[in-house]
Every structure is written in structure tokens, then in C-alpha cells.
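> Fold the following.
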Amino acid sequence: MRGSAEPYVPYVEPIAGGAWWTIGAAALDAGVGTVVLAGGLGVTAGLIVALKKRYGTGVPLPPRGRGRFLRLLGITVALVAVAGTVLGYFGLGELTIPIACAMVGVALILLSSQLDERVFLAAGGGLMVLGAVGALLALDSAGNMYPQGLVGLVAGGILWLAGAYRTGLLDEARQRVRH
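Below you'll find the model as predicted:
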């Protein structure tokens, strides 16, 4: 789809990246966390503004595609909620964020076939690996810095980069730097 005129759902990655960045910033100390959060929200807003200028609202998904996208989103949110509840019940709440990251990675991989976008495979794989590393760090450390802070901030960055790549913003930035 890289050759098509407009991407489908152009705001998926920036919004999801902003959400993950917010999760990561919440694990930081109050002063630093606020600055990091503000920076991340600024990046999210900047990406959305750039995409809105470039694509407007984007091309709508076909009727079946929209239903599949919404089902995938709903199932992922429900699985994350259930996993968080179950992990908390068994005293393993520190694994919630890394497991959720891996689940979002799986959802992105499934979304890649629907939207015919290979970048979702890379981003999904990256989130799955990040979730696994975050789970190992959560079991080996005390506190939220690694399982929540590191996983959230890195996941946000991965999603922002994937969105900028998929929509051509990285290519445009590369062209500007060359000239």
C-alpha cells in the first residue's frame, strides 16, 4: 500500500503511541514524568497535525474491513482487561503492561494482513519482543520503572516511527534533509 495515494486509518499509530507514552510517563517521578508526558503529547499532536494536513481523515475502510478492525480492537482491549485482572488476582500485576504490549503486537500483526501493510508486522514483532523483555525485567526488578516506564516509552516510540514510516512522513523528512 506504500504506493497508494492515501493511507487507511492514518491516525492509528500516533494515537496508540501517545497512549503507550502516557503509560510509560506515569511510571516516572512527578517532575520528570510531567515533562516527558508533555513532550510525548507534543509529538503525538505534531504527528496528527502533519497527517491531517497531508491526508485529511484518510480513506475509509471498506464495510467489512471496518467491522474487522473494530472487532480486533474490541477483542484486544477485552483480552488486556481480563489479563490485567487475572494477573492482579494472582499477585503478578507487574506483568500487566508487558503482557498488554505483547497483545497489542499480536493485534498489529493481524491488522497487517487487513491493511496490507508490512510495517505493522515489524511494529507488532517489536512490541511482542518488547513485551517479553519487559516481562523478564518485571520479574527481576522492583518498582514500575522497567515493566511500565521502559515498556510504555519504547512502545510509544515504536508506534510513532511506524506511523511516520507508513504514511511517508519519514521519507519526506529524509528528502528535506538532503536538500
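> pLDDT-wise, which helix or strand of this protein ranks last?
Using mean pLDDT, DSSP states H and E, the weakest-scoring helix or strand in the chain turns out to be helix 169-178, at a mean of 84.
> So what touches it?
The contact list for helix 169-178 (CB atoms under 8 Å, 6 or more residues apart in numbering) reads 47, 50, 51, 54, 161, 163, 164, 165. Using the backbone N, CA and C atoms, a C-beta is placed for each residue, glycine as well.
> So for the second one, what's the nearest residue that isn't a sequence neighbour?
Spatial nearest neighbour of residue 50, excluding adjacent residues (CB to CB, 6 or more residues apart in numbering): residue 169 at 6.0 Å.
> Tell me how far that neighbour lies from residue 157.
Taking CB to CB, to the nearest Å as the measure, residue 169 falls 14 Å from residue 157.
> tell me which residues in the host helix or strand of residue 37 are buried?
Taking DSSP states H and E as the definition, one finds residue 37 inside helix 30-55. Neighbour-count burial for helix 30-55 flags 33, 36, 37, 40, 43, 44, 47, 48, 50, 51, 55 (criterion: 16 or more other CB atoms under 10 Å).
> where does this protein have low pLDDT?
Scanning the chain for pLDDT under 70 picks out the ranges 1-8, 59.
> Break down it into its helices, ranges please.
Under the criterion DSSP state H, the chain contains helices at 12-25, 30-55, 63-89, 96-115, 118-140, 151-166, 169-178.
> So which elements touch the first one?
Helix 12-25 makes packing contacts with helix 30-55, helix 96-115, helix 151-166 when contacts are defined by 3 or more CB pairs under 8 Å, 6 or more residues apart in numbering; DSSP states H and E.
> Please tabulate those helices in a markdown table, including the columns distance to residue 134.
A markdown table is the format used below for the helices and strands packed on helix 12-25 (distance: least, CB to CB, whole Å):
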| stretch | distance to residue 134 |
| --- | --- |
| helix 30-55 | 18 |
| helix 96-115 | 3 |
| helix 151-166 | 4 |
